[in-house]
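Asker: Sequence isn't available, so here's the structure alone:
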């Protein structure tokens, strides 16, 4: 999945994905958004997420006493005529030891 925005602009202009399912393996799908509409860019959404007081409070709570919060890459997923923005969060314990 890869969103595109115009050079030096903060609005989302297109979205492209390569499929990996069965007979459609390798096919590319793309969506070009209307120029009249304004689709919010990933950087603006990440800023909104980081400024949200409830999310900030929860991340601060998790990001202490031997734990580290890692923010994953924001995903932009079109669903019918809307976009959903999803940012995974990973919690890593600094003292955890795994054996093979």
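Answerer: Ah, there it is. This one's a predicted model, so the numbers in the text were calculated from it and none came from an experiment.
Asker: and residue 62, what pLDDT?
Answerer: In this model, residue 62 is scored at 88, pLDDT.
Asker: my bad, should have said residue 29
Answerer: Residue 29 is assigned a predicted lDDT (pLDDT) of 83.
Asker: check contacts around the residue positioned nearest the centre of the chain.
Answerer: In the chain, the C-alpha nearest the mean C-alpha coordinate belongs to residue 74, at 1.2 Å (C-alpha atoms, centre = their mean). Taking C-beta atoms under 8 Å, 6 or more residues apart in numbering as the definition of contact, the neighbours of residue 74 are 42, 45, 46, 49, 85, 86, 87. (Glycine included, C-beta is placed from N, CA and C.)
Asker: which one of those residues sits closest to residue 24?
Answerer: Within the contacts of residue 74, the smallest distance to residue 24 is 22.3 Å, found for residue 86 (C-beta to C-beta).
Asker: and the closest residue to that closest one other than its chain neighbours, what are its phi and psi?
Answerer: Ranked by C-beta to C-beta, 6 or more residues apart in numbering and with sequence neighbours excluded, the top spatial neighbour of residue 86 is residue 75, at 4.6 Å. When read as degrees, to the nearest 10, the backbone of residue 75 gives phi -100, psi 140.
Asker: now residue 85, what's its secondary structure?
Answerer: Of the three states, residue 85 takes strand under DSSP: H, G, I helix; E, B strand; the rest coil.
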